[in-house]
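In: fold the following, please.
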Amino acid sequence: ESAGVKFADADLIGIPWRIVVSEKTLASGSVELKARSAEGTELVILNQIAGRLKEETMRGDRRT
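Out: Residues are numbered from 1 along each chain as shown. This is a model prediction of the structure:
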């Protein structure tokens, strides 16, 4: 299956966050983060992704 199909499936079953790692984002030392309910994505520095998700979880903001 293509990445798009997998992303759509993840949205359908309610996975609240998607982290995309690609050659392009890794080259810049970051990953792409998308909340299921958000229209866009944001780049997050690779070593900050765990802290960012923890912060969102502690806030209770699952953006669903």
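
In: need the residues that contact the one helix or strand residue 31 maps to.
Out: Per DSSP states H and E, residue 31 falls inside strand 30-35. Identification of contacts with strand 30-35 by C-beta atoms under 8 Å, 6 or more residues apart in numbering yields 16-22, 25, 40-46, 49, 52, 63. The C-beta positions use only the backbone N, C-alpha and C, and glycine is treated the same way.

In: neighbouring strands of the helix or strand following it in the sheet, and parallel or not?
Out: The helix or strand immediately downstream of strand 30-35 is strand 42-45, counting by DSSP H and E. Using DSSP bridges, strand 42-45 pairs in its sheet with strand 30-35 (antiparallel).

In: what are the buried residues along the strand it pairs with?
Out: Going by neighbour count (16 or more other C-beta atoms under 10 Å), the buried part of strand 30-35 is 30, 31, 33, 34, 35.

In: residues contacting the closest residue to the first one other than its chain neighbours?
Out: Going back to what we said before, that points to residue 30. Counting by C-beta to C-beta, 6 or more residues apart in numbering, residue 30 lies nearest to residue 43, which is 4.4 Å off, once chain neighbours are set aside. Neighbouring residues of residue 43 by C-beta under 8 Å, 6+ apart: 25, 28, 30, 31, 32, 33.

In: and these, which two are furthest apart?
Out: The two members of those with the most space between them (C-beta to C-beta) are 28 and 33, at 13.5 Å.

In: of the contacts of residue 43, just say which sits nearest to residue 59.
Out: Nearest to residue 59 out of these is residue 33 (C-beta to C-beta; 14.7 Å).
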